[in-house]
Every structure is written in C-alpha cells, then in structure tokens.
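Asks: sequence unknown, structure follows:
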C-alpha cells in the first residue's frame with residue numbers, strides 16, 4: 001500500500017509569518033512518519049502576496065483531486081479558509097484528522113461527534 005497523501009489545513013491569514021512555522025513543523029513530523037504531505041505554506045514557492053482566492057482555489061483543487069485525507073492543525077476552526085477546506089473534504093468523504101491528538105492522527109467528524117480511530 002502506498003503512503004497516505006495528507007493535506008494540511010489550518011489558519012494563516014493575520015498570523016505572524018502566516019503561521020508557516022506551524023505548517024512546516026507538522027509537515028516535517030508527518031513526513032518522518034511516512035506520510036506524503038501537501039503543505040499549502042509551500043505552494044507558489046511560499047509567496048504570500050497573491051490574492052487570497054488564488055490560494056484557496058489551488059488548495060481546494062488539491063483536496064478534490066490529490067489528497068487522501070486532511071489533517072487539521074491547531075486553531076483551524078478560526079480560519080474561514082480551513083473551514084471551507086474541511087467542508088469540501090468532508091463532502092467527498094475524505095477522512096479528516098486532528099493533528100493536536102498526536103500521531104497516528106485521530107479521525108474526527110469536525111462538525112459533530114468524534115469518530116472511532118481506524
């Protein structure tokens with residue numbers, strides 16, 4: 001079986017350095033455990049000046065076509081973009097994991113009750 005491809009979802013807008021340090025640390029941690037990680041902080045060469053909708057369109061397309069699951073980083077619930085990403089992932093039945101609970105990630109139902117770990 002191939003390693004699972006996971007997309008990182010979390011807050012960026014309005015945070016120092018766009019929260020890139022948290023994204024990079026989580027990506028390093030998960031890659032060290034054998035996961036293939038899609039880190040949106042690395043998209044567009046780390047550029048931070050493109051229109052917000054450019055980033056979101058790219059991220060949603062990635063979730064729809066490549067990701068096999070979404071890992072929610074701390075405070076994802078405070079991010080409009082992350083909420084949209086999670087709703088899209090949930091709508092296409094991708095598993096959603098909470099990074100705060102340690103690894104392997106715990107599968108969650110982000111808008112309801114916790115689901116059992118697979």
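Replies: Cool, got the structure. Everything numeric in this text was worked out from a predicted model, so none of it was measured. Numbers count the residues shown, from 1 in each chain.
Asks: Doesn't residue 12 belong to a helix?
Replies: No: counting by DSSP: H, G, I helix; E, B strand; the rest coil, residue 12 is not part of a helix but coil.
Asks: residues contacting it?
Replies: Contacts for residue 12 (C-beta atoms under 8 Å, 6 or more residues apart in numbering) come out as 18, 19, 20, 23, 40, 41, 79, 81. Quick note: C-beta positions are derived from backbone N, CA and C, even for glycine.
Asks: For the residue nearest to the third one when sequence neighbours are not counted, the count of nearby residues, please.
Replies: The spatial neighbour of residue 20 that comes closest, neighbours along the chain excluded (C-beta to C-beta, 6 or more residues apart in numbering), is residue 41 at 4.4 Å. Neighbour count for residue 41, taken as other C-beta atoms under 10 Å: 20.
Asks: these two touch, right, residue 41 and residue 25?
Replies: No: counting by C-beta atoms under 8 Å, residue 41 stays clear of residue 25, with 10.4 Å between them.
Asks: ok, back up a step: of the contacts of residue 12 - the most surrounded one?
Replies: Neighbour max across the contacts of residue 12 (other C-beta under 10 Å) = residue 40, 24 neighbours.
Asks: picking that back up, mind checking how far the residue nearest to residue 20 is from residue 51?
Replies: Per C-beta to C-beta, to the nearest Å, residue 41 is found 17 Å from residue 51.
Asks: Cross the contacts of residue 12 against helices and list the overlap.
Replies: Of the contacts of residue 12, the ones assigned to helices by DSSP state H are 20, 23, 81.
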